[in-house]
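Mind looking at a prediction? Sequence and model below.
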Amino acid sequence: MAELLLGKPLFPGESAVDQLVEIMKVLGSPTKEEVFAMNQNYKEFKFPNVKRIPWEKLFKGKSLQSAVSMLSTVLRYDPSARSYAIETLAHPFFDELRNPDLEQHWQVQVPCYIFGEKYIFGICAA
């Protein structure tokens with residue numbers, strides 16, 4: 001989503017290390033807790049202190065507040081702190097897709113995302 005808004009890759013790294021540097025430029029340096037949440041084997045790994053770039057500066061007026069809000073719930077170091085797919089789809093950023101007044105303008109009817117109860121309860125219980 002960020003790449004669609006920017007028109008270019010958000011993390012344009014050319015190697016694993018370069019990729020991590022690009023991520024840190026956007027999210028800032030991970031805390032010890034975030035490093036541990038990502039990989040318990042690297043709890044003593046030290047990252048350089050990199051200050052994150054504010055989302056608004058990163059998108060330079062291209063973004064919608066709801067898009068920035070949605071991205072900030074998804075792009076997090078700690079996997080348990082990220083929003084689930086179903087929570088992301090329910091974010092106000094996607095409200096326009098659920099607007100019944102707009103459906104008449106679409107040539108192809110887009111079905112609502114329907115998740116089975118077993119799937120929904122399985123995610124929420126995780």
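Sure, I can see it. Since this is a predicted model, take the numbers as computed values, not measurements. Numbers count the residues shown, from 1 in each chain.

what's the single longest helix in the protein?
helix 16-27 (DSSP state H).

How far off centre is that one?
Helix 16-27 sits 15 Å away from the centroid of its parent chain (Cα atoms, centre = their mean, to the nearest Å).

Then stretch 77-88?
8 Å.

Would you mind writing the CA trace of that stretch as PDB?
Provided in PDB are the C-alpha atoms of stretch 77-88 (Å, rounded to 0.1, in the frame of the first residue of the first chain):
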ATOM      1  CA  TYR A  77       8.800  -4.700  14.200                       C
ATOM      2  CA  ASP A  78       7.000  -6.800  16.800                       C
ATOM      3  CA  PRO A  79       4.800  -9.300  14.900                       C
ATOM      4  CA  SER A  80       2.400  -9.500  17.800                       C
ATOM      5  CA  ALA A  81       1.800  -5.700  17.600                       C
ATOM      6  CA  ARG A  82       0.800  -5.700  14.000                       C
ATOM      7  CA  SER A  83      -2.800  -5.700  13.100                       C
ATOM      8  CA  TYR A  84      -4.300  -8.900  11.700                       C
ATOM      9  CA  ALA A  85      -5.400  -8.900   8.000                       C
ATOM     10  CA  ILE A  86      -9.100  -8.900   9.000                       C
ATOM     11  CA  GLU A  87      -8.400  -5.900  11.300                       C
ATOM     12  CA  THR A  88      -6.600  -4.100   8.500                       C
END
